[in-house]
Each structure stands twice: as C-alpha cells, then as structure tokens.
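Participant: could you work out the structure for the sequence below:
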Amino acid sequence: MKLGRARKICGALATLALASPAPAADSSNEFLAHVLGHLYRNGESFACFSRQYDDAHLAAHPRQQMTFVKALVSAYFRQSPFVAERGSFNYQVGLAFRLRSRPETLTQVAECGAGRTRDSLRNGADCAGPGDSGSHLALKGDHILVMTIPAGADLWLPGPIDKRHNVLKNPFGPDDRAFHLERTDLAQCEDLAFDRQKPLRPHEP
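Facilitator: All right, here's what the predicted structure looks like:
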C-alpha cells in the first residue's frame, strides 16, 4: 500500500471515530431483569416471592425456626447526575418472616444493586443487609429466588425502618441460612409496601 493512501485511510478512520458518540456506560442488570421480567428506566418495578414450609419439612429440619418467608423486590433506575444517558438500577428487598415460636410476622430489609461485585445471572447479587454479613440472592430458573442469610439478622414488627420497634435479636436457627422462595402474586407482598396507597402492579410508570 502506498504511504499517501495509508495516510488517507487513517485520517478517515480518525474522523469517523470523532464523529461517533461515545457509548454510554452499561447500566443493564441481567440478574435483576430476570427477577422482574423486564427493566424499565422510568417508575418502579416489583416482584414477589414466598414460601410456606409444611410440617414434613419442619419435622425434617428441627433447627429451622422460620415457618414462612416472603420477599418483595422493588427496583428503580437511578440516573447519573453527570451524564443523562448513564445510571444504574438499584433495588430493595423487603422481607417478612414467621417463626415457630411467635404468631406475628416480623420484617427486615436488604439494599441491593450497589455492591463491589457486579450483579450477574450466573453469580447472583450481594446485598447490604439483613445482618452484619449481608445477604446473597440467586435464581434457579425463572421462578425460584434463593436467598442466603449466612449469619442471621435482627427482626422487627412491620413498619418503616425509621420507626422500628420491638426488635427481636437474631432468632435465626442453624438451618435458617438459605431460603428457596417461589415467585407468586404481588398481592401477597402488599403489606411490605409500607408507603404505597394502592395495589402493587409489576410496573408503576
């Protein structure tokens, strides 16, 4: 190739590179998309998972204290204050538990989407809370949410976090480490949406 022609080609490529806008940072979250079914950049999205443990399971796991567990995943897109096209999906997991020894429902919360390790469909998500060691979320298929709470956590009666009362110090047993929750109707999780005045829908614009 002649030197003059090579210079023309390089010049054309440089011009094209300058004319093309820089790609926005990847703000997708494959794991969260599978949890919710779809990711929207406006409004909030929700998903509910729960499990009622039957007598046979509890008899086989006498050190498990939880008889019922459910999780409300609430997600939204946080836009970058510096670049309008950029941002990230943050989400909260509201949790409810019932114990062998208590009739009332007790709650906790986990904040997800901002961990050091990026969420992925293969490795799941690390969340801040509940408990000092945090928690981990994973998916088995599209319908089972696996929630791991390695060191247990304190629980409290339902209500906003800033008004928590009657805290129960870590009632988790040795077999209350991983919970396999099934996807269910959002109506089952409405009591965990403390600040909403209308029924939950999968997406609220």
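Participant: make it CA atoms for all contacts and neighbour counts henceforth
Facilitator: Will do.
Participant: any idea how far apart the tips of stretch 105-125 sit?
Facilitator: 26 Å (CA to CA, to the nearest Å).
Participant: which parts of that stretch are buried?
Facilitator: If you call a residue buried by 16 or more other CA atoms under 10 Å, then stretch 105-125 has these buried ones: 105-114, 119, 121, 124-125.
Participant: go on, stretch 94-104?
Facilitator: Buried-residue list, stretch 94-104, by 16+ other CA under 10 Å: Gly94, Leu95, Ala96, Phe97, Arg98, Leu99.
Participant: now the helices for the chain?
Facilitator: Shown for the chain, the helices assigned by DSSP state H span residues 3-19, 30-36, 55-60.
Participant: can you report how many residues neighbour Gly173?
Facilitator: 14 (other CA atoms under 10 Å).
Participant: pLDDT of stretch 94-108, averaged?
Facilitator: Average pLDDT, stretch 94-108: 94.
Participant: and that stretch, end to end?
Facilitator: 6 Å.
Participant: again, but for stretch 36-56
Facilitator: Distance between the boundary residues of stretch 36-56 (CA to CA) amounts to 31 Å.
Participant: and for stretch 125-135?
Facilitator: 9 Å.
Participant: buried ones in that stretch?
Facilitator: Ala125, Asp126, Cys127, Ala128, Gly129, Pro130, Gly131, Gly134, Ser135.
Participant: hang on, the fourth one packs against Glu111?
Facilitator: Yes: under the criterion of CA atoms under 8 Å, Ala128 makes contact with Glu111 at 5.2 Å.
Participant: okay, now the unreliable bits of this structure?
Facilitator: Residue ranges of the chain with pLDDT under 70: 1-27, 80, 83-85, 159-165.
Participant: show me the strands in it, by range?
Facilitator: In the chain, the strands defined using DSSP state E lie at 44-52, 66-79, 87-99, 106-112, 125-128, 135-140, 144-148, 178-184, 203-204.
Participant: among the ones you listed, which is nearest Lys169?
Facilitator: strand 106-112 (11.4 Å; CA to CA).
Participant: hmm, who's touching the closest one?
Facilitator: 90-98, 125-130, 134-135, 154-158 (CA atoms under 8 Å, 6 or more residues apart in numbering).
Participant: just want the angle from that strand to strand 87-99.
Facilitator: Here the directions of strand 106-112 and strand 87-99 differ by 160 degrees (axes from the mean of the first three to the mean of the last three CA atoms, to 10 degrees).
Participant: what about strand 106-112, distance to the chain center?
Facilitator: Centre-to-centre, strand 106-112 and its host chain are 10 Å apart (CA atoms, centre = their mean, to the nearest Å).
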